[in-house]
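*Asks:* Sequence plus predicted model, see below.
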Amino acid sequence: MKVLVVGGGGREHALVWKLIQSPKVNKVFCAPGNAGISQMAECIEINAEDIEGLLSFAKKEKIDLTVVGPEIPLTNGIVNQFQAAGLKIFGPSKEAAEIEGSKALAKRIMGKYQIPTAQYQVFEEAAPAIDYIRKQGAPIVVKADGLAAGKGVIVAPDEETAVNAVQEIMENKVFGQAGTRVVIEEFLEGEEVSILAFTDGEHVIPMISAQDHKRVFNDDQGPNTGGMGAYAPAPVYTPELAEDVLERIIKPTVAGLKSEGRTYQGVLYVGLMLTGSGPKVLEYNARFGDPETQPVMMLLKTDLVDIIQAILAGELSRQEILWYDEAAVCVVLASGGYPGSYEKGMKIQGLGSAQSESMVFHAGTSFAGNDIVTSGGRVLGVTAKGNSVAEAIKNAYREVDKISFQGMHYRTDIGKKALDR
């Protein structure tokens, strides 16, 4: 079969890497892809947000299956348009994907279906939002309602930071239309865990747990990013906790969406905070997480195409999903200045010599002549397996040491929380 992967980041590289291992797949295209993806799939110069262009290409090439990586095409309705054209596509509909596209909607659904989450208020004007912050005090969390590439959440340690966040989002429009509304939430304390789950809209099978590292610097310091690394599985996420989250959070979310007329087929990402009073939902994403997908795909034993076909047929309950009994760690190498402004076009040295248990997933890379150069904030996701988290960490950082580019920076403590346990 011919498969089209939509997107061009580290997550999409991991998906392409997994899909080409399927005996059912004989050709993979990726739009737009990147320098690393081009070494295992044919990259097509179509932007991930150009739904008409992607649809036209899929028809012309007689694509058998399209797999969507990023959130924007999903929230813009790529699944609805492909399905209307009779094409098979993996991902939630526009209506279902709104659980990521609007934090206010996600909160409303959590409230209605009694899914544990932080207390909150939604505001459409800055002045009442600021008044609310003054009444509540800090620490407090300010979120742009819409999509902001993982950077629209400000955890404010004091009132002034929170007020400034509201002004930046609502008045200065730093996230554009995503900041038309803000959600202001109570600050939750605990450890974060990411759970990705396969669902056909009725049945749910969670993937192996992962832990993302959102802050740019070691020890969770500095501003939020799209993710500086991840590891799987997370020891803090015990089998008892997994059962509790499945029954009280993931299943009620999928059932709630269905009863709202938003039947959800695809991957549902649930960002959790493990608080003293139990797990609570921080956020939903309507797709594979990035960088969690990189270590999770390295641990997936079952053919990803088999899982996707079972979901599209509404028969996920009949599909067995197996995992390697190992650990995997992904360390993100970022451009100098990220998550702020950064230069592109830095030549990357040291690629191409990864060990067998390792994989360097490309995120923001492109070609300049024969050279591979930086073209994004998060450049590479150096990922490795091991028999334990400690071994996977050692293997990942051994590969990191081989790579360099001007301005490169990364966290040196990915997975440390697992070791502390």
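*Replies:* Ah, there it is.

*Asks:* Just the helices from the stretch 301-421 of the chain, written as ranges.
*Replies:* Secondary structure of the stretch 301-421 of the chain (DSSP state H, counting those that start in this stretch): helices located at 304-312, 389-400, 416-420.

*Asks:* which residue sits closest to residue 368, ignoring its sequence neighbours?
*Replies:* Excluding the flanking residues, the one nearest residue 368 by Cβ to Cβ, 6 or more residues apart in numbering is residue 345, at 6.4 Å. The C-beta positions use only the backbone N, C-alpha and C, and glycine is treated the same way.

*Asks:* typo on my end, it should be residue 197
*Replies:* According to Cβ to Cβ, 6+ apart, the nearest residue to residue 197 is residue 206 (4.3 Å).

*Asks:* What residues does the one you found make contact with?
*Replies:* By Cβ atoms under 8 Å, 6 or more residues apart in numbering, residue 206 lies in contact with 195-198, 242, 245-246, 250.

*Asks:* repeat for residue 72
*Replies:* Listed by Cβ under 8 Å, 6+ apart, the contact partners of residue 72 are 48-49, 147.

*Asks:* And the residue in the chain sticking out farthest from the centre, how far from residue 187?
*Replies:* In the chain, the residue that sits farthest from the middle, by Cα atoms, centre = their mean, is residue 135; the gap is 33.6 Å. Distance, residue 135 to residue 187, by Cβ to Cβ, to the nearest Å: 15 Å.

*Asks:* How about residue 62?
*Replies:* In terms of Cβ to Cβ, residue 62 sits 51 Å off from residue 187.

*Asks:* pretty sure the residue farthest from the centre of the chain belongs to a strand, no?
*Replies:* No: read with DSSP: H, G, I helix; E, B strand; the rest coil, residue 135 is helix and lies in no strand.

*Asks:* Let me see the confidence value for it.
*Replies:* In this model, residue 135 is scored at 95, pLDDT.

*Asks:* change the start of the numbering to 14 and stick with it
*Replies:* New numbering, starting at 14: the last item is residue 148.

*Asks:* would JSON lines of the helices of the stretch 314-434 of the chain with mean pLDDT be doable?
*Replies:* Listed next are the helices of the stretch 314-434 of the chain as JSON lines, based on pLDDT from 0 to 100:
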{"stretch": "helix 317-325", "mean pLDDT": "98"}
{"stretch": "helix 402-413", "mean pLDDT": "97"}
{"stretch": "helix 429-433", "mean pLDDT": "89"}
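
*Asks:* wait, what's in contact with the residue lying closest to residue 125 once chain neighbours are set aside?
*Replies:* In space, and not counting its chain neighbours, residue 125 is closest to residue 269: 6.8 Å by Cβ to Cβ, 6+ apart. By Cβ under 8 Å, 6+ apart, residue 269 lies in contact with 122, 125-126, 128.

*Asks:* And the helix or strand hosting residue 269, what's buried?
*Replies:* According to DSSP states H and E, residue 269 maps onto helix 264-272. In terms of neighbour count (16 or more other Cβ atoms under 10 Å), helix 264-272 has its buried residues at 264-267, 269-270.

*Asks:* now stretch 145-165, how far from the chain's geometric center?
*Replies:* Relative to the centre of its chain, stretch 145-165 is centred 20 Å away, using Cα atoms, centre = their mean, to the nearest Å.

*Asks:* What residues of that stretch count as buried?
*Replies:* Applying a neighbour-count criterion of 16+ other Cβ under 10 Å, one finds 145-146, 149, 151-161, 163-165 buried in stretch 145-165.

*Asks:* List just the nearest of the contacts of residue 85 to residue 408.
*Replies:* residue 61 (31.0 Å; Cβ to Cβ).

*Asks:* And that closest one, how far from residue 407?
*Replies:* 35 Å.

*Asks:* Repeat that for residue 131.
*Replies:* Remark: distance between residue 131 and residue 407 (Cβ to Cβ) = 36 Å.

*Asks:* ok, these two, which is more surrounded?
*Replies:* residue 131 (19 against 14; other Cβ atoms under 10 Å).

*Asks:* Pretty sure the more buried one sits against residue 296.
*Replies:* No: if you go by Cβ atoms under 8 Å, residue 131 and residue 296 don't touch, sitting 10.4 Å apart.

*Asks:* where in this structure is pLDDT low?
*Replies:* For the chain, the stretches with pLDDT under 70 are 366-368.

*Asks:* Which residue ranges make up the domains of it?
*Replies:* Domain ranges of the chain: 15-107, 132-199, 204-331, 341-433, per automatic domain parsing.

*Asks:* What residues does residue 168 make contact with?
*Replies:* If you count contacts by Cβ under 8 Å, 6+ apart, then residue 168 has 152, 154, 200, 237 around it.

*Asks:* rerun that using 7 Å as the cut-off
*Replies:* Listed by Cβ atoms under 7 Å, 6 or more residues apart in numbering, the contact partners of residue 168 are 152, 154, 200.
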